[in-house]
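Colleague: Structure of the sequence below:
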Amino acid sequence: MMQLLAAAKATFTSKGFAATTMDDIAGAAGMSKKTLYKLFESKTELFRAMLLRSLPEAHFANPPLSGSPTAQLRTALRRIADVALAPSEIALHRLIIGERQASPDLGRMFAEVIMESGTDDVAGLLETVRLEPRLKGMPLRAVAEMLLGMVFSHDHFRLLADDGFRLNRRLLDKRIDLAIAMFCAP
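Modeller: Reported below is the predicted structural model:
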């Protein structure tokens, strides 16, 4: 199953959702279309399964983190970077943006499966740290969204829009440290 879902991701990201057929995916996975349809009723169902396959990676708080709550948050944010800013994931994000008018459900599906899950995981970690007093009373999901935006929005957008952009991991790690210092009380 993992090989099939990896073949589906590679095919979707290279051809686009609308242009990809079940025949294309079956061929890439080395199976018949009939077998593929026994596993998935539709291309959309297969796409959702492909996204769900990413959930273990998207649950950034797993496997268990060690250290202080702030160290755990730092480690989780670095894991998010490893997943969300990887070339294969950026290719998937480009696909979803490119297909949004022809297949608007893809964006909603991605947000529901991946983005909401990651935000929930970060909000869960924020429950364990002491936040800056100015954030007191704010919903943790909102704080998690702000933290994720501060850390990743610039690099994510540049990776989406500019094929020549190269991620500077040292600068990203400094941004993570700065965000933690701004959001978490010492």
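
Colleague: Break down this protein into its helices, ranges please.
Modeller: For the chain, the helices defined by DSSP state H cover 2-15, 22-29, 33-39, 43-53, 55-58, 69-84, 87-98, 104-110, 116-126, 140-161, 169-183.

Colleague: could you say what helices and strands the first one packs with?
Modeller: Spelled out, it's helix 2-15. helix 22-29, helix 43-53, helix 87-98 (3 or more CB pairs under 8 Å, 6 or more residues apart in numbering; DSSP states H and E). For the C-beta atoms, the positions are set from N, CA and C on the backbone; glycine is no exception.

Colleague: quick check: angle from the second one to helix 2-15?
Modeller: It stands for helix 43-53. If you take axes from the mean of the first three to the mean of the last three CA atoms, to 10 degrees, helix 43-53 sits at 110 degrees to helix 2-15.

Colleague: Give the rounded mean pLDDT of helix 43-53.
Modeller: Mean per-residue pLDDT for helix 43-53: 86.

Colleague: Please save the CA atoms from it in PDB.
Modeller: Only the C-alpha atoms of helix 43-53 are listed here, as PDB (Å, rounded to 0.1, in the frame of the first residue of the first chain):
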ATOM      1  CA  LYS A  43      -9.200   9.300  -7.700                       C
ATOM      2  CA  THR A  44     -10.300  11.700  -5.000                       C
ATOM      3  CA  GLU A  45     -10.500   8.900  -2.500                       C
ATOM      4  CA  LEU A  46      -7.000   7.800  -3.500                       C
ATOM      5  CA  PHE A  47      -5.800  11.400  -3.100                       C
ATOM      6  CA  ARG A  48      -7.200  11.500   0.400                       C
ATOM      7  CA  ALA A  49      -5.500   8.300   1.300                       C
ATOM      8  CA  MET A  50      -2.300   9.700   0.000                       C
ATOM      9  CA  LEU A  51      -2.700  12.700   2.300                       C
ATOM     10  CA  LEU A  52      -3.600  10.400   5.200                       C
ATOM     11  CA  ARG A  53      -0.400   8.500   4.600                       C
END
